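Q: This is the structure alone, sequence omitted:
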């Protein structure tokens, strides 16, 4: 059954609204109290009044006055990101230029060039990220250019997106799906990369609440049910550490922190386990108040005290003291064996490090570590400046190169290079210099010879081997992961194509002149057009590699020195243009297997195998019409975020005539007759057809994978419920039949 957004009722009077707006404004001023200088209060008041007047006739989808949104964004910037007066003013004005009659010139006149520049950046981002058309993939370069001009633009945009996620209940379901998908696909990783871990976590949880509401509620409920037991365990774990740290004379805080619902769900999926089998539902955090010169020493001393009490797992030690993350994060993470044989993660950091962990980039603002971000921004500028990168490819490259987890790799001289997880020796070569990358023929990894495609791990020492005879090839693009490497390889391949094309150009010139036609721009364009090629360069290249037979030129007529092409137009088979079917969807809703289903071609996606009752959306697919996906499909976030204009609202109609194949994974005790119990329930009691079944038994447990035909999700849920009720059954989970 499709989840329908519950729109909260809004019924405040005009007088109550005025009081609410004033209360929020005063709360903003209180949060700024420690940062206010003489004259600041007056400037903020001016910005507030300008925004309030500009938005006075506007309402949000919830019905509340629009001005409450910029006020909320400003408070997030101050209280949760740690920004100051200028960012507050920009937050209050961030929608004025785009949505009202206020001009950028007026903003500059009243608040100066710096404020106007940031507001202009925010306006450009708003124009780029159009939820209705979801164009951010194609225009993402513009956003990143704005980021590198002034990072505060993106910090304010993250605050804006966070508030929109917090108030997403009032939007229509299809808008919820698109906005939540964009958030989890782009904004949450960006918040993470900029060190805003709390915001990243909340964005992921809120997105999951709308993308996978049932799973979200189930995990939230189980967390609430186990809270008392968890608190008791945390107190038991902390007690001996508390005593040791007190005795040693440290000034500290120690507490347990619950893991987010999204991270728990990610772990459940990754390990294929139920909630009850995820033991690290929390982490212990130790915050030290240490002077700057003793920070590292104190953190290691505390690590020693903790590992004296509890046995550590050596392979799970993470030292971000010696090599902080590129977003500035510093800490020691370790995992130890606690009471009852349970693994517990412990995070050790100082108060200064904790400030960086919570405020990210803002904690570095104009500080000694700002160069860390300057370097990151410079790398982004290099990638943005690359020509000819498709918007979708750019977004994927950006996520892989700049938003992913990092590894630390060493040069032979001991210099550290930070690369995304999954990077190869060739990525490392390009990170040193593009000239080294294009000549790379191999590498020495920890003094052993390895191919250029060898994946690297943190701590590896890499020496690049080059040859002047080496040239980049297309297959390099299949294993490099960094945007810089991909961009430089594509540039080198284009340059190589140009060189090859010169031979084709000469050949074509001789052929044209042999027919009496001139080697002119007109004649070249006629041949390009006849073959349906994109440019003269493509024509010369196709001639050079003999993909075009120049005997075809005999079919052309020559008038004077000009060519006249024959009809019909010649077309190379491999160069057919992509045609995407379009579906008009202004407030339309397609009903699958209902009255309108015979009017449109549709397919059920193989990646998620939807069945009636699943929360679904339609996606217009090249050459295939409409493809139906579950909203929690592994590919959903990418499709909704990148191609929102191809998404069609879809729902199921009742139809008991058709059955759908789906998969169930059953784990339980390996008992006599267990297979009979399962098959009797499915085939006998519930009259459901079994398409395939495999059972494996090991050490007293069995795992069964089966394909069954069901009419809809309601029937599947009923089956799962009855299977779970059987004696000895440990877990029953649905899976996509393609994975069997």
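A: All right, it came through fine. Just so it is clear, the structure is predicted and the values come from calculations on it, not from any experiment. Residues are numbered from 1 along each chain as shown.
Q: How is the chain divided into domains?
A: Per automatic domain parsing, the structural domains of the chain span 14-196, 220-359, 491-575, 590-652, 660-739.
Q: ok, of those, where does mean pLDDT dip lowest?
A: Sorting these by mean pLDDT places domain 590-652 lowest, at a mean of 71.
Q: ok, back up a step: now the domains of the chain in JSON lines, please, with extra columns for mean neighbour count and distance to residue 485.
A: No exception for glycine: its C-beta is placed from N, CA and C like everyone else's. Shown next, in JSON lines, are the domains of the chain (neighbours: other CB atoms under 10 Å; distance: least, CB to CB, whole Å):
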{"stretch": "domain 14-196", "mean neighbour count": "19", "distance to residue 485": "18"}
{"stretch": "domain 220-359", "mean neighbour count": "16", "distance to residue 485": "18"}
{"stretch": "domain 491-575", "mean neighbour count": "15", "distance to residue 485": "11"}
{"stretch": "domain 590-652", "mean neighbour count": "18", "distance to residue 485": "22"}
{"stretch": "domain 660-739", "mean neighbour count": "15", "distance to residue 485": "31"}
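Q: Dump the ones you listed into JSON lines; add distance to residue 409 as well.
A: Shown next, in JSON lines, are these (distance: least, CB to CB, whole Å):
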{"stretch": "domain 14-196", "distance to residue 409": "19"}
{"stretch": "domain 220-359", "distance to residue 409": "11"}
{"stretch": "domain 491-575", "distance to residue 409": "23"}
{"stretch": "domain 590-652", "distance to residue 409": "29"}
{"stretch": "domain 660-739", "distance to residue 409": "34"}
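Q: Residue 472 is nearest to which of the ones you listed?
A: With CB to CB as the measure, domain 491-575 is the member of the domains of the chain nearest residue 472 (4.3 Å).
Q: Verify the contact between residue 411 and residue 431 for me.
A: No - between residue 411 and residue 431 there is no contact under CB atoms under 8 Å: 9.8 Å.
Q: Now do the same for residue 620: helix, strand or coil?
A: Three-state call for residue 620 (DSSP: H, G, I helix; E, B strand; the rest coil): strand.
Q: Can you list the strands that the host helix or strand of residue 334 pairs with?
A: Under the criterion of DSSP states H and E, residue 334 resides in strand 332-337. Using DSSP bridges, strand 332-337 pairs in its sheet with strand 311-312 (antiparallel), strand 318-319 (antiparallel), strand 343-350 (antiparallel).
Q: And the contacts of the last one?
A: Surrounding strand 343-350, the residues in contact under the criterion CB atoms under 8 Å, 6 or more residues apart in numbering are 237, 279-280, 282-290, 295, 298-299, 302-303, 306, 310, 313, 330-338, 357.
Q: please redo it, this time with the cut-off set to 6 Å
A: 280, 283-286, 288, 290, 295, 299, 302-303, 306, 331-336, 338 (CB atoms under 6 Å, 6 or more residues apart in numbering).
Q: Likewise for the second one?
A: Contacts to strand 318-319, defined as CB under 6 Å, 6+ apart, come from residues residue 333.
Q: Please repeat the previous calculation with a cut-off of 8 Å.
A: 331-334.
Q: got it, and stretch 280-297?
A: Residues outside stretch 280-297 that contact it (CB under 8 Å, 6+ apart): 223, 226, 230, 234, 237-238, 241, 245, 250-259, 264, 267, 298-299, 302, 306, 321-322, 335, 343-354.
Q: cool, stretch 627-640 as well?
A: 134, 177-178, 181-182, 184-185, 211-212, 215, 592, 602-605, 607-608, 610, 614-621, 646-647, 650.
Q: For the spatially most central residue of the chain, give its distance to residue 207.
A: Taking CA atoms, centre = their mean as the criterion, residue 185 is the residue nearest the geometric centre of the chain, at 2.7 Å. Relative to residue 207, residue 185 is positioned 9 Å away (CB to CB, to the nearest Å).
Q: likewise residue 472?
A: According to CB to CB, residue 472 stands 38 Å off from residue 207.
Q: out of the two, which sits in the more crowded spot?
A: Set residue 472 next to residue 207 and count neighbours by other CB atoms under 10 Å: residue 207 wins out with 26 against 21.
Q: Strands of the stretch 151-300 of the chain, start to end?
A: 252-258, 282-288 (DSSP state E, counting those that start in this stretch).
Q: between the first one and strand 282-288, what angle do the directions make?
A: Going back to what we said before, that points to strand 252-258. 160 degrees (axes from the mean of the first three to the mean of the last three CA atoms, to 10 degrees).
Q: what's the spacing between strand 252-258 and its chain's center?
A: 29 Å (CA atoms, centre = their mean, to the nearest Å).
Q: what's the answer for stretch 187-199, then?
A: 10 Å.
Q: so residue 691 sits right up against residue 683, yeah?
A: No - using CB under 8 Å, residue 691 is not in contact with residue 683, being 11.5 Å away.
Q: contact partners of the strand holding residue 334?
A: 280, 299-300, 303, 306-307, 310-313, 316-321, 343-349.
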